[in-house]
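**Q** need a structure here:
(one chain, ligands or ions: 1)
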Amino acid sequence: MLPEVKIDKKNFHKLDLSQLPTPCYVIDLNIVKQNLQLLRKIKEQTSVNILLALKAFSLKKIGPMISDYLDGTSASGLNEAKLAKKYFRGLVSTFAPAFKESEIEEIVKLSNHLIFNSLNQLEKFSVKAQSEDVDIGVRINPIYSEVKEKKYNPAGFDSRLGIHYDKLKDIDFKNIDGIHFHSLCEQNFSTLKNTWDVIYPEIKTYFKFLKWINLGGGHHITRNDYDVNELINFLNEIKVRTKCKIFIEPGEAIFFQSGILVGEILDVLKSKDSKIPNIAITDISPTCHMPDVIEAPYRPKLMNESINDNGINVLIGGPSCLAGDNIGSYNFISLPKIGEKIVFLDQAHYTIVKTNFFNGISHPSIFFWDSKKNELELVKNYTFKDYEMRL
Ligand SMILES: Cc1ncc(COP(=O)(O)O)c(C=O)c1O
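**A** This next block holds a predicted model:
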């Protein structure tokens, strides 16, 4: 998640926090449905195929609901492909930077599209895929990106992801069904258009061989300011121009603003020294529960943060031993109290899929919330057994 994205609290200010054990993720299924409805509208107006990128969010319990709206899933390897087949419907498109010999047979059986990252891998495994009638794709590196943070830019010249254009002439496209690229991250339509304008002259000679083109993820379609109409026009135009089926595989856009992470203030340390911040320790650990806060890094939005200039700044940190297990510095009207609940917004995607048990810190429990009926459903809570089992 990048820092500049504007986040809305949606209906979460109406949720009664007192009934929730902390830490916990709460997913408002109505927001997920609203996001899916917009994606369905785009599908209806363009016949684009939309796959859920499981890496962003993979709670199997709503697999059937998501499958009612979308065309399938994109998987990052064997386990996600298995999850896709078991709990979701539709097409499974699998990409990995490199597939393993020991897993490829199973992956081929589970997948409809297999996307290779190099000529080596293509040479090694494409016969296996063809024997099972699986579509073969190649991932190309557009070498164009508007992502500033190197860690999140898959399309750098030195990226390990995707084949450079000058190598495409070494591929026999008679055996290739599709081209895939992924170079966006939380971006509006203009970035997709700019990327396409760079890619188009490099790949247009191959369209006659191809069945499909997959435009990857990172399309921030469900954000208020996203140019949906421009996207619709573009998808229709390239469908005609390339005579290919067009796929996109968003993750974040499906769950954007649909989830929160609720925690409790465990301790408050008021500072008497201007060099030392006021500190609040919570039961939310960024390193365990929202690692992108540290990895990206970014500052998650705190619900109801004070905008009062006379407020008090408090550094909020987690319960782990990691010195940098800090969420960020936030403004409060008055010093928060021990036992108070706090809520971080937009925590559904790239969180639950990334939690870990560092320090033995438990995962947050997971709730679904129907904000229209104000009904909560506990999906999962974690005990010592879960921690013990994974070691
Ligand atoms: C190949 C690929 N496809 C799709 C996605 C989903 O991206 P997002 O969740 O930003 O839409 C990613 C994210 O890293 C990706 O690497």
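**Q** Residues of the chain that sit close to the ligand?
**A** 53, 55-56, 74, 95, 182, 185, 216-218, 249-253 (Cβ under 6 Å from any ligand atom). Glycine gets a C-beta too; all of them are placed from N, C-alpha and C.
**Q** Among the residues you listed, which one has the most neighbours?
**A** residue 74 (32 neighbours; other Cβ atoms under 10 Å).
**Q** Quick one: residues contacting it.
**A** 51-54, 92-95, 217, 249 (Cβ atoms under 8 Å, 6 or more residues apart in numbering).
**Q** now swap in residue 144 and tell me
**A** If you count contacts by Cβ under 8 Å, 6+ apart, then residue 144 has 155, 183, 194-195, 198-199 around it.
**Q** pretty sure it is in a helix, no?
**A** No - going by DSSP: H, G, I helix; E, B strand; the rest coil, the assignment for residue 144 is coil, not a helix.
**Q** Which parts of the stretch 201-350 of the chain are strands?
**A** 212-214, 245-248, 259-269, 278-282, 312-317, 326-332, 341-345 (DSSP state E, counting those that start in this stretch).
**Q** Make JSON lines out of the ones you listed and add mean neighbour count.
**A** As requested, those are exported to JSON lines (neighbours: other Cβ atoms under 10 Å):
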{"stretch": "strand 212-214", "mean neighbour count": "22"}
{"stretch": "strand 245-248", "mean neighbour count": "22"}
{"stretch": "strand 259-269", "mean neighbour count": "20"}
{"stretch": "strand 278-282", "mean neighbour count": "20"}
{"stretch": "strand 312-317", "mean neighbour count": "19"}
{"stretch": "strand 326-332", "mean neighbour count": "19"}
{"stretch": "strand 341-345", "mean neighbour count": "22"}
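**Q** between these, which gets nearest to residue 177?
**A** With Cβ to Cβ, the closest approach to residue 177 among the strands of the stretch 201-350 of the chain belongs to strand 212-214: 6.5 Å.
**Q** Counting by contacts, list what the closest one packs against.
**A** strand 113-116, strand 135-139, strand 178-180, strand 245-248 (3 or more Cβ pairs under 8 Å, 6 or more residues apart in numbering; DSSP states H and E).
**Q** ok, 6 Å please
**A** Using 3 or more Cβ pairs under 6 Å, 6 or more residues apart in numbering; DSSP states H and E, the elements in contact with strand 212-214 are strand 178-180, strand 245-248.
**Q** Find out how far that strand is from the centre of the chain, if you would.
**A** Offset of strand 212-214 from its chain centre (Cα atoms, centre = their mean, to the nearest Å): 20 Å.
**Q** can you tell me the average pLDDT over that strand?
**A** The average pLDDT within strand 212-214 is 98.
**Q** strands paired with that strand, and their directions?
**A** Its sheet considered, strand 212-214 pairs with strand 178-180 (parallel), strand 245-248 (parallel) by DSSP bridges.
**Q** Touching the first one from outside, list them.
**A** The one in question is strand 178-180. 115, 137, 139-140, 203, 210, 212-214 (Cβ atoms under 6 Å, 6 or more residues apart in numbering).
**Q** Would you point out the most distant pair within those residues?
**A** Most distant of the contacts of strand 178-180, by Cβ to Cβ, are 115 and 203, 14.7 Å apart.
**Q** Which one's more surrounded, these two?
**A** residue 115 (25 against 19).
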